[in-house]
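Enquirer: sequence and predicted structure, then a few things I'm wondering about:
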Amino acid sequence: MKKLLIILTLPLLVFVSCNSNNSYTMETFYSENKSNGDTMLTGKKDMIKAASDSAAYLEAAEKFKALISKAGDDGMPVNFTLRDSKGSIVTGSAMINPDVKEQMYPNQKP
């Protein structure tokens, strides 16, 4: 009976482990103009689940484009960062325009 139970639960465990997604944190930074003329930078976090870093970055970039197109009460979205579950920043280095000479985070170590 134990062998039958193990045989039946093994495919279920494999199915669950193969379909698991990694979780990422996307932080979007907004520029808000205050009534006294000052500008303040604020951030909002959002969770993203994806199978890989590349897929997560693509989803975050799409979300950021959508936020830019409907900028409103929260301010104007100016930038975003994507961090994996360990807190490391995920970049889309393969998608960086080769004409850009300056890095966005010049002091960041890989």
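Expert: Sure, I can see it. Small disclaimer: the values here were computed from a predicted structure and weren't measured.

Enquirer: what's near enough to touch T91?
Expert: T91 makes contacts with Y57, L82, as judged by C-beta atoms under 8 Å, 6 or more residues apart in numbering. For every residue, glycine as well, the C-beta is placed using N, CA and C.

Enquirer: can you tell me the SS state at it?
Expert: coil (DSSP: H, G, I helix; E, B strand; the rest coil).

Enquirer: from R83, how far off is it?
Expert: 11 Å (C-beta to C-beta, to the nearest Å).

Enquirer: for this protein, give me the ranges with low pLDDT.
Expert: For the chain, the stretches flagged by pLDDT under 70 are 1-20, 73-74, 92-110.

Enquirer: now with 50, please.
Expert: Along the chain, the parts satisfying pLDDT under 50 run over 14, 16-17, 94-96, 98-101.

Enquirer: strands of that one, start to end?
Expert: 22-33, 39-50, 76-83 (DSSP state E).

Enquirer: among these, which is nearest A61?
Expert: For the strands of the chain, distance to A61 was read as C-beta to C-beta. The smallest value, 8.1 Å, belongs to strand 76-83.

Enquirer: what angle sits between the closest one and strand 22-33?
Expert: Between the axis of strand 76-83 and that of strand 22-33 there is an angle of 160 degrees, by axes from the mean of the first three to the mean of the last three C-alpha atoms, to 10 degrees.

Enquirer: give me the helices and strands touching strand 76-83, please.
Expert: When contacts are defined as 3 or more C-beta pairs under 8 Å, 6 or more residues apart in numbering; DSSP states H and E, strand 76-83 sits against strand 22-33, helix 53-69.

Enquirer: return the list of helices and strands in contact with the last one.
Expert: Just to be clear, that refers to helix 53-69. Applying 3+ C-beta pairs under 8 Å, 6+ apart, one finds that helix 53-69 contacts strand 22-33, strand 39-50, strand 76-83.
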